[in-house]
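> output the structure for:
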Amino acid sequence: MVTVGRRLLVATLAVLVLAGFGLRVSNLGAEGLSEDELNKLQAVSDYREHGLTSANGEHPLLMKALLTVSLVVADKWNSTSLGRHHNISPETALRFPSAVFGAFTAILIYLLATELFGAEVGLIAAALWTFDPSAIGFNRIAKEDTFLLFFFLLANVFWLRGQRVAESQSNQRAIKYYWATAAAFGAMLASKYLPQIITITIGYYWAFQAIPETRWRLGKRRMFMFFVIMGIVFLALNPPILWPATWRQMGLMAGQKLVSHDGYEFMGRLYSHRMTDWLNGTPWYFYHVFVAVKLPLLTFAGFLVGLPLLFRRKLGDGRYFIMLWLFLWMMIFSFAGGKFTRYFTVALPAVLITSAIGVQFAGNWIAQGLSRLLSTEWPRSYVRVALALLVVLTSLKAAADSSPHFRLYTNPLGGGVAKEGYYFPHDEFYDASMRDVMFEIAKRARPGARVASESPTLASYYAQRASRPDLVCVFLSDPNALKQLSEGDFIIDARGRRYFSNELVTSALRQSSTPAFHVFLGPLPSASVYILDKNSQQAVVDAAQRLLPLGQSSYPGELPIGRSSR
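Purely as a prediction, here's the structure:
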């Protein structure tokens, strides 16, 4: 094992956090808000105007409270003389807390992996998280998954430390770690309503209870107190859960009535996207493809090496935690019909820890072979370090090459730059160009012009920002709204917003007209904008006549028009 002094270890972790923070906040406002992020911004505005409310109540309060603090501080900064010259945009302020939590997640990954497999694996895994393009991309959007992961990891760091203390010292001394775990889980649930993943932690605990020698036992009374503490912390950090209006919002969310679109484009094909579509929805291998094409190539190779090692007893009992983590997460998400890549945030550290195990193993194997071949001992240390650095630097290069549009990154196995935006266009583009689109439309549009898109609320927000409140923003999937379009109105055909409900219209538009202009996300075209003339307006109206009325879809089931906020 490579030994690292305490000072060097602390310095290394500090460098990783600072580097991760720099990558996550650099040019944080480069992309416009997504529809989901706008929902958060509107909730914060509601809090600031009316106090604590049930706005965006289908999601817990903790993250939105942090966003509120960030936006208030940004407004105070912008009101100063220095702030007027170095303005903090709403996009940057809204995403800043997620970037901070994402950077510090590297420390938790180190602590967790160290408890399970030792400091060497912990350091490699923390470094892979710091520089992984997908991890950075997930941490640069204002969504709950980053916070969910942070507190999940924190809870399990305490949980595993409690196990070690109970087995090596006494169960009594481990109690403080049990209560800390419960408090962290309360914060996790106050970040996102996903109690299912607690089964990973409890499953790992129960795996040891049938072993007579196990001293790590909470008993019924302590287990009851565990959930009481979790509930108290959850209520303290999420008081709106006590309000009837919040439960109404959660009911609408559970009934899929806040989902505004009827499909998801995956690898060039449309799939239905309701959670209850199960195997009839987005394919079960959705996240398997993500791992294969979105991880830097050497990180993925490390994962392929490390995965079978999880089944070797020599690796130790920590392997059961990672196996449960991967298996139960896949059981929860892989078979649901509706999937987004950001849901993988919670599973990504388990993949990176597995990759770190593979890198360590490969380093050992190569070093031992060289040592025998050269009849010397130096390869046993230097080769392992060199291989780990090579894997981490490859990840850093992938991050640097994809900045600031990290979500677009696709590794050579997935086709590289030529295939960016192909596999998961909704999540890769994520409305990032709507700001630029609306600012350009604002320059060209006649007074009172209509703008049809799949994100009309977001379009309206940026129309306001462009000082064009007169623009009327409507749903592209609403046949009634399409019939009211006239010459000089605009239609936005945005990548990642292809649905069953708009294919007829966009197809007719492409055949009858050419875009007035294109908008790009980095090197990729991300939106085509059409200005309707007589021919294209008639083609759109004819296509709208063949669409079902608003609230229905072109595949069996409902298409409720609301907010896409899962």
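> what segments of this structure are strands?
Along the chain, the segments classed as strands by DSSP state E run 264-266, 269-271, 450-453, 472-475, 490-494, 517-521, 524-531.
> so for residue 432, which of the ones you listed sits nearest?
strand 517-521 (5.4 Å; CB to CB). Where C-beta positions appear, they are placed from N, C-alpha and C, glycine not excepted.
> give me the sheet partners of that closest one and which way each runs.
strand 524-531 (antiparallel) (DSSP bridges).
> quick one, what contacts the residue lying closest to residue 401 once chain neighbours are set aside?
Nearest residue to residue 401, sequence neighbours excluded (CB to CB, 6 or more residues apart in numbering): residue 409, at 7.6 Å. Shown in contact with residue 409 (CB atoms under 8 Å, 6 or more residues apart in numbering): 133-134, 137, 294, 398-399, 401-402, 420.
> low-confidence ranges, the stretch 151-300 of the chain, go.
Low-confidence segments of the stretch 151-300 of the chain (pLDDT under 70): 255-260.
> how many neighbours does residue 443 have?
8 (other CB atoms under 10 Å).
> now do it against residue 301, distance only.
48 Å (CB to CB, to the nearest Å).
> residue ranges in the stretch 301-450 of the chain under the pLDDT threshold?
Looking at the stretch 301-450 of the chain by pLDDT under 70, you get an empty list.
> please repeat the previous calculation with a cut-off of 90.
For the stretch 301-450 of the chain, the stretches with pLDDT under 90 are 332, 334-337, 367-383.
> now the helices: where do they sit in it?
Here the stretch 301-450 of the chain has its helices, by DSSP state H, counting those that start in this stretch, at 318-333, 348-374, 379-402, 425-429, 434-444.
> with the stretch 451-566 of the chain instead?
Using DSSP H, counting those that start in this stretch, helices in the stretch 451-566 of the chain cover 456-465, 479-483, 503-512, 534-545.
> using CSV, lay out these together with distance to residue 7 and mean pLDDT.
Converted to CSV, those look like this (distance: least, CB to CB, whole Å; pLDDT from 0 to 100):
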stretch, distance to residue 7, mean pLDDT
helix 456-465, 48, 97
helix 479-483, 64, 93
helix 503-512, 59, 93
helix 534-545, 67, 93
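> so which of those is the most surrounded?
Across the helices of the stretch 451-566 of the chain, averaging neighbours per residue (mean count of other CB atoms under 10 Å) puts helix 456-465 on top, at a mean of 21.
> report all helices and strands that that helix contacts.
helix 35-50, helix 434-444, strand 450-453, strand 472-475 (3 or more CB pairs under 8 Å, 6 or more residues apart in numbering; DSSP states H and E).
> number of nearby residues for residue 176?
Neighbour tally, residue 176, other CB under 10 Å: 13.
> likewise for the one 10 residues further on?
Per other CB under 10 Å, the neighbour tally for residue 186 reads 24.
> and for the one 10 residues further on?
When neighbours are counted by other CB under 10 Å, residue 196 registers 12.
> any idea how far the nearest residue to it once chain neighbours are set aside lies from residue 181?
Take residue 196 and drop its neighbours on the chain: the residue closest to it by CB to CB, 6+ apart is residue 332, 5.1 Å away. Distance, residue 332 to residue 181, by CB to CB: 20 Å.
> no further queries at this time; thank you.
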